[in-house]
Structure formats: structure tokens, C-alpha cells
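>>> quick one, structure for this:
(3 chains)
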Amino acid sequence: MKLVTDNLTFKPEKEYFLNKVSLEFEAGKLYTLLGRTLSGKTSLLKTIAGLQPIDTGNIIFEGKDFSTIPVWKRNVAMVYQQFINYPHLNVFDNIAFPLKQRKMKTSDIENEVTVAIHKVGLLGFEKRKIQELSGGQQQRVALARSLVKKAKILLLDEPLVNLDYKLREDLRNEFKNIITSDLSANSILLYASTDPLEAMQLNGDIIVLDEGKILQNGTAKDVFENPTNIKVSEITNDPAMNILKGSIDSNKIILNENVQFKIPKHVKNIQAGTYHFGIRASDMILDDKGFDFNIDIAEISGSETFLHLHQNVLNIVLLIEEVRNFNENDKVKINFNLEKLYVFDGKGDLLFSPFKMN
Amino acid sequence: MRTFYLTLKYLIITLWSLFVIAPFLWALSTSFKDFNSVTGGATYIPWLQFEPSLEGWKVLVRSPAKGGVDIIEPYFNSIFVTCTASLISVILGTLAAYALSRFKFKAGFIKNNDITFFFISQRIMPPIVLSIPFFLMLGFLGLLDNLFGLILVYIVLLMPIAVWIMVDFFNKVPQEIDETALIDGCNPYQAFFKVVVPNSIPGLIVAGLFCIIFGWIDFFFAFILTFTEVQLLPVKIVALNSSVTPWWSLSASALVSVAPLIVVAFIVERYLSKGNLSGALK
Amino acid sequence: MNFNHKFVFLLPGLLVLIGILIFPIVFTVRLSLSSWDSFYPGLDFIGLDNYIRLFTDDKRFWESFFRLSFLSVTTVFLQYIIGFSLALMVWKDIIFKRFFRVLFLIPMMTTPVIMTVIWRTFFHESLGPVNDFFSLFGITPLWLSDNILAKVTVIIVEVWQWTPFMFLLLLAGLLSLPKEPFLAASIDGAGPIRKFIYVTFPLMAPISIGAIIIRLIEASKIMDTVYVLTSGGPGTATETSSYYIFIKGLREFQIGYSAALSFTYLIIMIISLTIISKLLVKLLIKKI
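Here you go, the predicted structure:
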């Protein structure tokens, strides 16, 4: 059972919502659509659901052309990022709604709904009104309603993004377990997110979108370890990967007159010229024998500290895995973990990655 | 300083309240007068300043044959015409408002906002402009002096109100709820009736109330388009406004005719406090 | 994707409206090109003669227009100020809040004609209470027979009748305002006046505009009040455009000409109301 989108394009006004999106989804798998806001994730989900038209392209599901099938006859389920439930119904009726629509027998409906309520941990809430529930509880109801349909395509559009940080952490694992335990040979799961961390935790195939275009498509491991270009590296890392312009000349990498180092081993046979070098914030360390940098800002976030540094025109973000106080305009000495260095060419495409055997 | 503001506030409220009540009190007092009391000059308090008489009120229930003013039939006519026209206007108007809020229309250069404007601009027309053509049209259809002819005309007056209120209301109901209903297996009609409508009851009530108010108070169309068979309340009462004005029966009938909408005022206030009228304006 | 259902929703209402309206509108235009009156009944064709007469020979029509503008702008302005003030006062908690709110709504719920009949007795120059009061000062203002006073009387009655409408819309708007800006203003030490100028009024701008425009649309149709209270008089002091069209059409029976007046009036109203609304939007919204 396959879902295929072929060359989907949708440009309602000046910008592309979807730009030649061609993808193949297989049953039994979880796919993460990763991209910034307005990158096309929601458009893609809505198009698959049938809620958004397309200018050109096709959607084919199980061999049949989807575009002839109206929304209400497609076997899909969707959870939105805003907590969308039927305000005039209580929890039980909310979840039972699609089943009633299918004219299922009342006794069967009761069973199915109870099972779903159990799965999302809302036992005892059946008679409650939606307005009485907290955000997290409302999303659980929405999730339960989508599960109870046993739809073949389950679409989740950043379902946790409107919850507070702590709740998001707690629910993320829970949601993941709930969804993946339901994932069978009969269903395809698409999860949209802007958070690379979330995408990593979900550990499905990742499709990186930007401005309606697919930038990269592969396993989570592959996408993270080997971003095809700088844009992808920005989307898949938080904080964004440091991209530094520099050059290679006579076996040295030169960032500026102060910052130079040897070419690491995984960068083989590279010609002299200008390149972009990428290094993650977590792949740099404070080192007394390192390069001098000035501190612009020291940000403490949770249990980590982000140092924003500069030296002349070089700007770097460094991650320290503890809470430390720094004074702005101080100097620190840092060093690069060269084994984790990425090299991109002038256009931004990946040339060398620490993880691939080139 | 605070007490200054407070006193000012209560002063203004009191003054305006007196202004609001004044005509009613006057009418009340007048309704108990007779010929002598009226022509003797302005008087206010019964028993103290003039002899009260129930003539004004008795006249209301006496049949015309005995010189009475029958307002019972016009009363019910008004209710029937207003409610029916409001019902139809709200139904048709809500459907149209839903379409204008949710879907995109484009016929040449005519787009959604233009269609909405077309609906609302019907309110700009003063009754005069339409009265003669309606007169001829209803005459041709045999619907002059007829309740249903009047209802037809009132629909034109009231549907714009329903559309105006409901378009704004629907714009506030998140479209995602419609979409979820579609995804859950409803076709667009089922989505509308099973999900959107139950969530729009406050808006529908407000639209209905406004329609009833503006329908009830119409004078002109009823004036032009009905004669003897069918009479509506406002017309009947103004007919009493001749130069030899029986002020007492006038006042009595006036008071009786405005009573029903006082009830409406209570209902409107209740919905006001629930915050349901907000934003019906763009 | 099948989008036919969107027409099923829109068309019943739209078609019914157009269906009922189409004959009157088309007929009015056709009428305006004829010279139907009591001497020459029937639909002849005289081209644009009616319109030419309208624009060149009819001072009374344009005067009625100015009168209408004056009356409607004044009444709407007063209604806005009074209505807003009243709404502000019953917005927060005061004694008998619900009572006052209902009381202030009542005039709007009454039939204008009927109330005007009462007003006529109220302002009656020899037998009414108003002049009874003024006679204490030795004056008897001629409320209904003096040029200027007649206008004032009409304004008073209109303000009584329709301020509740403004009041209702504005109060609903006030009740829907978010609390945060006010809390922020309090924290910044703003007193009630500053709060009003910098928080309440700007937030209420869009609603104010809507209310004013809707009231202007309704106010420009002033007819009932004039008909009952002054019959356009004294002379033509309170003759509004609608009343003038009424006289020409149904009193003097110059149906063709009044159709031309009606159509012209309609076009002018639509254009001016559109301009006014765009202006108001620019003025109030851009200012903030």
C-alpha cells in the first residue's frame, strides 16, 4: 500500500506553497516533515487530506487517483496544532463522532471509544466538556478521535507546539508510543514539525522542506549526519550549525589570519579555493590552548549555556553543557573538534561530512 | 477626584434614564385622560390634576362597530409577518453567509466582499425607492393587501441584516472545525448542519432578534402595501393620528404596541453579557 | 475537488433577494426614463429628461440632500458620543447594572412611528408637557413650527430612538475587549482618562467605525419621524430626501420623476457611504 505524490505544485499567489513535491510513502512507517514555518509542511498535509487544491500534480493512493475522491471519502485522520475539537460535544461524543458518521453500531462505538480513551490516558473524562479541559487534555482528545478511525493515513501537524515546554517534553514520548503502537502494515503516519530534536526523537524517515521544495529525504540518521546543503543544516540543527566562510590553501584551512588549522582526515583530496565550513555548536570546546574569541552574549538555557562569540567578522555559537556565568566582552579561548567538521562548496552543497566515507 | 467622577457618572445616567422614560410616562398619564383633561392644558398626575378615565383603554377592546379601535388583529398580523419573514431571512441569510465566509467566489471581477456588500447595501435603499415598484409588482401578482406579499417584501429588508451578522460570526468560528468534520466523514452539508450550526446558536439568536426588531418597527411598507384586509400595528396606530386626535386612545394603543419588544430588550441584554454580540461589525 | 456545494449554500439567499429585487430596480430605472404622472399615466420614453431636470432645475432636491446630510451626521454624531458614554458607564460594575442596561436598550425596541406619535403630543405647543415646563420661564418655543426648532425636535427624537443601537454595539464591543492592555496601563500608572485615550478608544476604533457606518446607513433613511412629527415642515425645514421623493411620487404623483430622483439618490448614497467608510477607516485606523 503506497501513497505517492507526484510533482505537486500549488502557487495561489506570489509564493509557492508546494513546489514540485514528489514523494513516496510506504505503509507501516513514520515520516517526519521537517521545516521552518511556512515551508510547506501544513500545505502538504492538507493537500493529502484533500483540504487544499493543487495547481499541477497527482496524488495516488493504493493505485487510485486521490483527486477524484472528496475529503470525506478519503480514509485519513488529522490532528491540528491548534486544539481542535467539537466544542458542543463532550469528550466521549467527540471521539465517537467519526464512528457515528460511519453508522457503526452503538455497542461497537462504545468499545472502540473506550479503547481509544484508554490509550490516551483520559479514563474518567468521558462526560467532560471540551472547554473544561487543559490544552494537553484537549490534544489527547483530538488524538483519540483520529486513532479511533483506524485511518490508513494519519496526519499530525505539529500537535505539541502549542503546549508549554514541560508538557511538550512529557507528551512527546507518550504520543510517540501511542502512535507507533498503532502503526500497522495498514497505515502511514506523517508528522510535521519545526523542531529537529523532536524529529530526531521520532526517528522516522525525515523529509526536509523549505519554501515548498523538498531539500532532502532520508532516514533520520542520514539527514542529521549528512545534510545535503547548508540550508538543510540550518533546519536540522538547533542552534543552527555554525557556517564559516574560509579557504583552503597549502594543506591548511584558513578562516582568518588568526584562526587556521590542519585539514582533518576525512576531508580528502580537496583543492585550494573558498569553501563554507560547518561545525555544530556542540562540537567546539573551551580550550586554553585555543583561539581567542570575544563574548557577545552568554545565554543560559535550561542546563546549558550558549556562548555567542566573535573574532573580527567570524561569528560562532558554542554550546557548553553546564551552567556557567560569563561576562560580556570577556575573552575566551576555544577550539574546534575538527573530526566533526563539514565542508560545503561555494554554492552551499555538501562536499565532506564527518560521517560518510567519501 | 473619584467622587467627582462617580457623581458625574450617576448624574448622567439619571438624566438619560429620565429622558428615556419621559415619553412613556407622558403616554401613560395621557391614556387615562378624556377630552376635557387634554384640552385644558398639560397635566400629569391623575386624581391630583385631572379626573382619570378609562376611555382610552376601553376603546382598545371595544369593537369598531361601537367606535372602538381594534388592535388585536393588527397585533397578530404584525407578529405573524415579522416572525415569518425573520425566520426565512435568517435561514437563507445564514446559508449565504456561510458560503461567503468559507468559500471563495470569483465571477469575473466580482469577489466575496462584493457579494457581501451587495447584500448589505440593500439597507441603503430608503423604502420610498422601492415602494412604487413593489406596489405595482405585488398588484400584478395579486399580493397587495396580503400577508404573504408583505412577507416577501420584508425578506428583502431583513436578509441583509442576517447576512451581515452571520458572516462576521462565521468568520470567528475556526475553519479547522469544518475541516475536521469533513475529515471525519461529513460531506459539506452535514458538516454545516451537524457541527457549524450547533456552534453558532448565539449568532443565530442575535441575527433573529435583530431581524425581529427591524421587521416589527417597519411602518412604511405596511403603509403603502396594505389597506383594509391586512393591517399592521404601526399603520393602525398612525391612522389614529388625525388632527382631532383622541390622545387617550392613541397613548393607550401606543403603550400596548411597544410592550412586546420590551421582552426582546431583556433577551438582548442577556446575550450582551455573554459577549455574543461583539465584533458583528467590519 | 468538488466545489459545487458552495453554490448550494449561497444561491438560495442570493437568488431570492435578486428575484424579489430585480423587478423593482429595473422598473425604477425604466420609470425614471418616462414621464408618468397623473396627467399622462403610462410608460412613455423621454430619455434623460427627468435627470436633466433633476440636475438643473430642482433646487429643492439638493436642498433636501443638504438637510439630510446635516440631520444624519448630527444625529449619528450625538448618538455616538452619548452612546459611547453610556456604554462606558454601564460597562463595569455599578448599582443596578442590568436594570440600566435594559432600560437604555428600550427606545430602540419601540416602533419609531408610534413613539413619534407620542412625541408629537409631547412637544405640542400648547398642550404638551415640554412647553408646560418652559412656560415657567415665560417662553413657549415653537417646537414644531419654527424652522430651526423643528430640526432640533427631529434630532431629539432621533437621538432618543436610536442611541440605544449605538449603545448596544459599543457595549458589546467593550465587553469583548481583552483585559491585558488595561492591566498593562494600570501598571504603568495610567488614570482613567489616559486609559481611555490610549487604550479603550484605539481598541474600539474598528467597532466604532462599523457602528457609525451602519447608523449612517440607517439614519439616511429618516422618514417615519419626519412624516409623523413635522410632515417635512414647517415649509421644507425638515424635508429630507426620502420625504421629498415621497411627496413627488405619492402626493404629487409624478412617478416618473420620482423614480429618477430615487435612482440618483441611491447612486449618490452608495458612492458617498463607500467614500465615508474608507475615509473613516483611514482616519481612525492609521492614526493609531
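>>> quick check: which ranges of the stretch 1-150 of chain B have low pLDDT?
B:1, B:34-53, B:55-56, B:58-71, B:108-110 (pLDDT under 70).
>>> residue of it closest to chain A, please.
Nearest to chain A in the stretch 1-150 of chain B, going by Cβ to the nearest Cβ, is residue B:104, at a distance of 9.9 Å. In short, each C-beta sits where N, CA and C put it, glycine included.
>>> three-state assignment of that residue?
Following DSSP: H, G, I helix; E, B strand; the rest coil, we place residue B:104 in the coil state.
>>> number of residues surrounding the nearest residue to it once chain neighbours are set aside?
Using Cβ to Cβ, 6 or more residues apart in numbering or on different chains and skipping the chain neighbours, the partner closest in space to residue B:104 is residue B:112 (6.5 Å). Applying other Cβ atoms under 10 Å in any protein chain shown, we find 17 other residues in the vicinity of residue B:112.
>>> residue B:112 reaches residue B:100, doesn't it?
Yes - at 5.4 Å, residue B:112 counts as touching residue B:100 under the criterion of Cβ atoms under 8 Å.
>>> so for chain B, the centremost residue is which one?
Centroid-nearest residue in chain B: residue B:213, 1.8 Å away (criterion: Cα atoms, centre = their mean).
>>> against residue A:40, how distant is that residue?
Separation of residue B:213 from residue A:40 (Cβ to Cβ, to the nearest Å): 49 Å.
>>> next: residue A:346.
With the distance defined as Cβ to Cβ, residue A:346 ends up 27 Å from residue A:40.
>>> which residues touch residue A:129?
Residue A:129 makes contact with A:90, A:91, according to Cβ atoms under 8 Å, 6 or more residues apart in numbering or on different chains.
>>> beta partners for it?
Assessed by DSSP bridges, residue A:129 has beta-bridge partners residue A:90.
>>> chain B contacts on chain A?
Counting by Cβ under 8 Å from any Cβ of the partner chain, chain A comes close to chain B at A:49-51, A:70-73, A:76-78, A:80, A:82, A:84, A:86-88, A:97-98, A:101-102, A:145, A:149.
>>> helices of the stretch 101-250 of chain B, start to end?
B:112-121, B:127-141, B:147-172, B:175-183, B:188-190, B:201-216, B:220-225, B:233-239, B:247-273 (DSSP state H, counting those that start in this stretch).
>>> worst mean pLDDT among those?
Mean pLDDT per stretch puts helix B:233-239 lowest among the helices of the stretch 101-250 of chain B, at a mean of 67.
>>> correct me if wrong: residue A:289 contacts residue A:333.
Yes - the criterion here is Cβ under 8 Å, and residue A:289 meets it with residue A:333 at 7.1 Å.
>>> the two - which one has more neighbours?
residue A:333 (13 against 6).
>>> sticking with the more buried one, tell me its helix or strand.
Per DSSP states H and E: residue A:333 is located in strand A:331-336.
>>> ok, and what's touching whichever helix or strand comes after that strand?
Next in sequence after strand A:331-336, counting helices and strands by DSSP H and E, comes strand A:342-344. With contacts defined as Cβ under 8 Å, 6+ apart, strand A:342-344 is touched by A:227, A:229-230, A:233, A:241, A:243, A:267, A:270, A:275-279, A:350-354.
>>> which strands and helices lie in contact with the helix or strand following strand A:342-344?
Using DSSP H and E, the helix or strand that follows strand A:342-344 towards the C-terminus is strand A:350-352. In this structure, strand A:350-352 packs against strand A:342-344, with contacts taken as 3 or more Cβ pairs under 8 Å, 6 or more residues apart in numbering or on different chains; DSSP states H and E.
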